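>>> Build me a structure from this.
(2 chains)
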Amino acid sequence: MKISNFIFIILVLIFFVACTSGGSKTASTGFVGGKEGLSASISIDSASGGNKVLDAGSENFRILVNLQNKGEHNVPENDVLVTLDGISFNAFQIRDPTKRNILPLTGIRREAGKATTPAQIIVDYDANYQPNEDADRTTNIAANICYNYETISRVKNLCLRKKVTSPSSATACKIDETKLAENSGAPFQVTTFSERPAGENKVNVYIEAKNSGKGLLYDKDYLSQGKCIESDKDKNKIYAKVELTEFKDSVNIISCSGLNGNQGTVNVIQNSVQLSCTVDTSSLQDNTFETPLRVTFDYVYKDSVSTSLTIKNSV
Amino acid sequence: MKKRGFILVLISLFILSSCTSFDNYFGRNTAQIGGKGLILNFVQPSTSEISIPEGFPLNVKIELKNYIENEQGLNGELCLRDLLTDNFGGIPSFDCRPINLASPKKLQSNNNLLVEPETFNFGPYYYKNAQREFQSASQTQLIADVKYELESKAKSLICVKREGSKAAPSNCGTETKLSIEQEDLPLKITSASATSFVKDFEADLLLELTISKTSDGQVISRSNNFEQAPKGSAFVEFNLLVNSIPAKCIGLVGTSLEVTRTEKESKIKCSAKLSFNQDFIQVPIDIKMGYGFIQSVNGPVIKFGKEEDI
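Reported below is the predicted structural model:
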């Protein structure tokens, strides 16, 4: 009897654990997600090995910048600029320190329930250190990577009706609440989304988005400058567009402060952006309904990688 | 007791190993001239004091080891003298030999320097009547005067960065202290700092250096420097390159730094412009100084006695 009681208790416990372990289910999103865009690394390919090269023009070697697309945006060819940094290009005989990607980098996606392997390419430079050093010396070599990227954030359940302030049924969706924003895999993402009534025919949405990566945000047209270096005037800018995907004329009914209607360039302050938008519901249906809202951010992301390089005095 | 004895042995071993690990040690008949660069050693007589009878020949051998790396090697003069007048025989006023020392070779296996010593023979010298004249202090001392010229090379790296550059190393900034790589020589750069101002695609660099005399001796102008330095001064040829481009320096007389006999250090300021089309750059700084140096090194004491007394 005692043993049977013991077994019974164990079975009950197992039952409870099994039934309650998945209690707090997170909402699944259609995106793969993640907070990265392009991931980069830099290395030296030389006969000397170990990040060492010879001086006085004795050794041809290559500087390799490896790029992997760990986000979801497809980066077409020529949408990445890699500019070498930290060294004298003349001394290293590097004709052009800036190169673009000649192959696209497709974003990750979900296939058979799993995320695909990140696409990768190598941007390489031929180099040869010309000056004659009296003794070995070590220097830092870096690569700046600037690339066009896009973040898509989706709120599946924006709640709307024509007369916002009129009462609604208990089963209808709520206008006044914080909603979950799903983000595509990218370094800049929406972190807070909330909706509230703003008038008889108006709904306000508040959007906060942040840069989660170690890089910096630049104006979406920055690649036209031709090189990836610091530029105060182009830095901390992002292009945002807010739209109701089920409505062709959302440009007419959405208006955001600081934007030109529902889209425009906004300043990034301390790595974050706040948008306050009004949705005009006067042309919408009377009944409460849910509809998806999409926020698209377009930007150039500037990141950097570095490594040490030892220049050896060749005898 | 046993423990104490063991500790004593350990301490002795430690002291012994410390004292014999350096080639250029300060000891009897050996001196370090001009920093670690040039080592002089009285090989003969090998002790710090010898007694010789009058009329007995005195032969002197001096060994020089050159640790200074430069393409031209080390040229100069080695002179031997004593403290007595020529009336007592011995070394004539100045007995000199030209020195032409090859640059040391660097061993590839461990980067150590392979130095070939050169030996200079002086004498024989004969002293007479010294003991009779100076009964109470019948001795003299050998002194070697070394004069040589050299071109020293010092180098450093300066890192200049644009505001906001994240890839720049932590020692990259608008004001930095520079770490100088240089040999141990009579004149050394004892402090160096750099300030940079970056605007658009150019950087203005301001460098401040302190050059100090680090050894006993006298700095002199090089023989090929035809500029006449004022009395009590010497001209040190000075050349500073930033990324292989000559910098403009203030406080120079032409391209030379005037160094007075009494000054222990000199300060110099140089400026350079750098084309700067990237977020950060590390550029080499090369500093060359050409000068001569004279130093006197005391050798063994020579005591005179009658033949029967020795």
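>>> going forward, measure contacts between C-alpha atoms and count neighbours the same way
Will do.
>>> what's whichever residue of chain A sits closest to chain B in contact with, if anything?
Closest residue of chain A to chain B, Cα to the nearest Cα: residue A:86 (3.8 Å). Contact partners of residue A:86, counting by Cα atoms under 8 Å, 6 or more residues apart in numbering or on different chains, are A:140-142, B:168, B:278-282.
>>> out of those residues, which is most surrounded?
residue B:280 (30 neighbours; other Cα atoms under 10 Å in any protein chain shown).
>>> what's the burial count for the nearest residue to that one once chain neighbours are set aside?
Leaving aside its chain neighbours, residue B:280 sits nearest to residue B:161 (4.0 Å; criterion: Cα to Cα, 6 or more residues apart in numbering or on different chains). Counted with other Cα under 10 Å, the neighbours of residue B:161 add up to 25.
>>> just to revisit the earlier point, for the residue of chain A closest to chain B, give the beta-bridge partners.
Here residue A:86 sits in beta bridges with residue B:281, going by DSSP bridges.
>>> of the contacts of residue A:86, closest to residue B:202?
Taking Cα to Cα as the measure, residue B:202 lies nearest residue B:278 of those, at 9.8 Å.
>>> OK, contacts around the closest one?
A:85-86, A:229-230, B:162, B:201.
>>> nearest to residue B:148, of the residues you listed?
residue A:86 (40.3 Å).
>>> how does chain B divide into domains?
B:23-149+B:294-309, B:151-292 (automatic domain parsing).
>>> mind putting the ones you listed in TSV, mean pLDDT and distance to residue A:44 included?
Formatted as TSV, the domains of chain B follow (pLDDT from 0 to 100; distance: least, Cα to Cα, whole Å):
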stretch	mean pLDDT	distance to residue A:44
domain B:23-149+B:294-309	78	23
domain B:151-292	89	17
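>>> So which residues on the stretch 51-200 of chain B come close to chain A?
B:162-169 (Cα under 8 Å from any Cα of the partner chain).
>>> again, 7 Å this time
B:164-165, B:167 (Cα under 7 Å from any Cα of the partner chain).
>>> from these, which would you call buried?
For those, a neighbour count by 16 or more other Cα atoms under 10 Å in any protein chain shown gives the buried set as B:165, B:167.
>>> So which of the residues of the stretch 51-200 of chain B next to chain A belong to helices?
Members of those lying in helices (criterion: DSSP state H): none.
>>> Let's have the residues of the stretch 51-200 of chain B next to chain A in a markdown table, adding distance to residue A:265.
Formatted as a markdown table, those follow (distance: Cα to Cα, whole Å):
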| residue | distance to residue A:265 |
| --- | --- |
| B:164 | 22 |
| B:165 | 24 |
| B:167 | 27 |
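>>> from the residues of the stretch 51-200 of chain B next to chain A, which is closest to residue A:243?
Looking across these and measuring by Cα to Cα, the closest to residue A:243 is residue B:164, at 34.1 Å.
>>> Please name the residues that touch the closest one.
By Cα atoms under 7 Å, 6 or more residues apart in numbering or on different chains, residue B:164 lies in contact with residue A:230.
>>> Look up how far residue A:215 lies from it.
Counting by Cα to Cα, to the nearest Å, the separation of residue B:164 from residue A:215 is 11 Å.
>>> Contacts only, for the residue of chain B found nearest chain A.
Proximity of chain B to chain A (Cα to the nearest Cα) peaks at residue B:281, 3.8 Å away. Contacts for residue B:281 (Cα under 7 Å, 6+ apart) come out as A:85-88, B:159-161.
>>> Now the most centrally placed residue in chain A: phi and psi?
The centroid of chain A falls nearest to residue A:186 when counting by Cα atoms, centre = their mean (2.0 Å). Note on residue A:186: its backbone torsions stand at phi -170, psi 160 [degrees, to the nearest 10].
>>> That one contacts residue A:39, correct?
No: look at residue A:186 against residue A:39 with Cα atoms under 7 Å: they stay out of range, at 10.9 Å.
>>> So what does residue 47 have for phi and psi?
In the absence of a named chain, chain A is used. phi -70, psi -30.
>>> Just list whatever residues bridge to residue A:67.
residue A:40, residue A:121.
>>> Correction: the previous question concerned residue A:307.
residue A:141.
>>> wait, what's in contact with it?
Neighbours of residue A:307 in contact, by Cα under 7 Å, 6+ apart: A:42, A:140-142.
>>> So which of those residues is the closest to residue B:209?
residue A:140 (24.5 Å).
>>> Now that closest one: closest residue in space that isn't a chain neighbour?
residue A:308 (4.5 Å).
>>> ok, back up a step: buried members of the contacts of residue B:278 into ChimeraX, please.
Buried residues within the contacts of residue B:278, by 16+ other Cα under 10 Å, are selected in ChimeraX with:
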select /A:85,86,229,230 /B:162
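>>> Generate CSV for the contacts of residue B:278, with distance to residue B:189 as supplementary columns.
Formatted as CSV, the contacts of residue B:278 follow (distance: Cα to Cα, whole Å):
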residue, distance to residue B:189
A:85, 30
A:86, 26
A:229, 35
A:230, 35
B:162, 28
B:201, 31
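>>> Which one of the contacts of residue B:278 is nearest to residue B:90?
Taking those together and measuring to residue B:90 by Cα to Cα, the closest member is residue A:86, at 64.4 Å.
>>> can you give me the helices for the stretch 151-300 of chain A?
Counting by DSSP state H, counting those that start in this stretch, the stretch 151-300 of chain A has helices at residues A:250-253.
>>> Around chain B, pick out the residues from it.
Within the stretch 151-300 of chain A, the positions near chain B by Cα under 7 Å from any Cα are A:229-230.
>>> which residues in the stretch 1-150 of chain B form strands?
Taking DSSP state E, counting those that start in this stretch as the criterion, the stretch 1-150 of chain B carries its strands at B:30-33, B:38-44, B:49-53, B:58-66, B:74-81, B:95-101, B:105-106, B:113-114, B:118-125, B:139-161.
>>> related to what we said a few turns ago, can you lay out the domains of chain B as TSV showing distance to residue A:300?
Below are the domains of chain B laid out as TSV (distance: least, Cα to Cα, whole Å):
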stretch	distance to residue A:300
domain B:23-149+B:294-309	48
domain B:151-292	16
